[in-house]
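Asker: need a 3D model of the sequence below.
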Amino acid sequence: MASDEKKFMDSGIAAFRQGEVDKAEEIFRAFVKDFPNSDLADNACYNLAKIALSKGQQQRALSWYEYLLDTYPDSDAAYFGKDEYVELSREMGKGPTEIADECYFNGKKLMDKGKLDEAVAEFNRLIEQYPNCEYVDNAHYQLAAICKKRGDKEGAKRHVDIILTQYAETDAALYAKKLLI
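Answerer: Numbering: from 1, shown residues only. Prediction:
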């Protein structure tokens, strides 16, 4: 990364910290325009979203989050910006009422509280409503664990088989066979 790029970004961050929001916005916009392939361009987009929020410009912030997630989807800034984007979308009445991650973790909480029937319903809902979610393999694992706990060997085997055939390269597959012991 060129030191010019870092100095440019640092000047934007310094301006923002000093309360010079318009100046910081100008710097970050110029950065995205002049250095779109920089390792720091995602941070500039994220900062532009934050600046827009600080100015009460929700639609502009949403646009910057969308640009960040579309242009730099695997970046650190996108990792942090994703949840903020979803939350802002919801506040504006535009976002999903729920995301698959929440469905999975709700199932885990229910399981931890011993509410197994409700947990089963939640994991099954995740599998049905979010079939491409990154947690589907884990949902099957949890369902297999619940089946095992209840003495339902066939149910446990059915979910383990799904994991081993459809999600063979996942962490769930590494542990699934142990549920059959």
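
Asker: got the domain ranges for the protein?
Answerer: For the chain, automatic domain parsing gives the domain ranges 3-91, 100-180.

Asker: take those and write them to TSV, including mean pLDDT and mean neighbour count.
Answerer: Any C-beta I mention is one placed from the backbone N, CA and C, and that applies to glycine too. Below are the domains of the chain laid out as TSV (pLDDT from 0 to 100; neighbours: other Cβ atoms under 10 Å):
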stretch	mean pLDDT	mean neighbour count
domain 3-91	91	17
domain 100-180	92	17
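
Asker: pull the residues that contact stretch 124-138.
Answerer: 100-101, 103-104, 107, 139-140, 143, 163, 166-167, 170-173 (Cβ atoms under 8 Å, 6 or more residues apart in numbering).

Asker: just flag the most distant two among the residues you listed.
Answerer: The span of these, defined through Cβ to Cβ, is set by Cys103 and Ala173 at 21.2 Å.

Asker: what distance do you get for the nearest residue in space to Ile99 that is not next to it in sequence to Ala145?
Answerer: Nearest non-adjacent residue to Ile99, counting by Cβ to Cβ, 6 or more residues apart in numbering: Val86, 6.0 Å away. Distance of Val86 to Ala145, computed by Cβ to Cβ, to the nearest Å: 28 Å.

Asker: cool, Ala15 as well?
Answerer: On the measure of Cβ to Cβ, Ala15 and Ala145 end up 52 Å apart.

Asker: export stretch 52-67 as PDB, just CAs?
Answerer: What follows is stretch 52-67, C-alpha atoms only, in PDB (Å, rounded to 0.1, in the frame of the first residue of the first chain):
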ATOM      1  CA  ALA A  52     -23.900  10.500   6.200                       C
ATOM      2  CA  LEU A  53     -25.400   9.100   9.400                       C
ATOM      3  CA  SER A  54     -23.900  11.800  11.500                       C
ATOM      4  CA  LYS A  55     -25.600  14.300   9.200                       C
ATOM      5  CA  GLY A  56     -28.900  12.500   9.400                       C
ATOM      6  CA  GLN A  57     -28.700  11.500   5.800                       C
ATOM      7  CA  GLN A  58     -30.000   7.900   6.100                       C
ATOM      8  CA  GLN A  59     -30.600   7.300   2.400                       C
ATOM      9  CA  ARG A  60     -27.100   8.500   1.500                       C
ATOM     10  CA  ALA A  61     -25.600   6.300   4.300                       C
ATOM     11  CA  LEU A  62     -27.600   3.300   3.000                       C
ATOM     12  CA  SER A  63     -26.300   4.000  -0.500                       C
ATOM     13  CA  TRP A  64     -22.700   4.100   0.800                       C
ATOM     14  CA  TYR A  65     -23.200   0.800   2.700                       C
ATOM     15  CA  GLU A  66     -24.600  -0.800  -0.500                       C
ATOM     16  CA  TYR A  67     -21.700   0.500  -2.500                       C
END
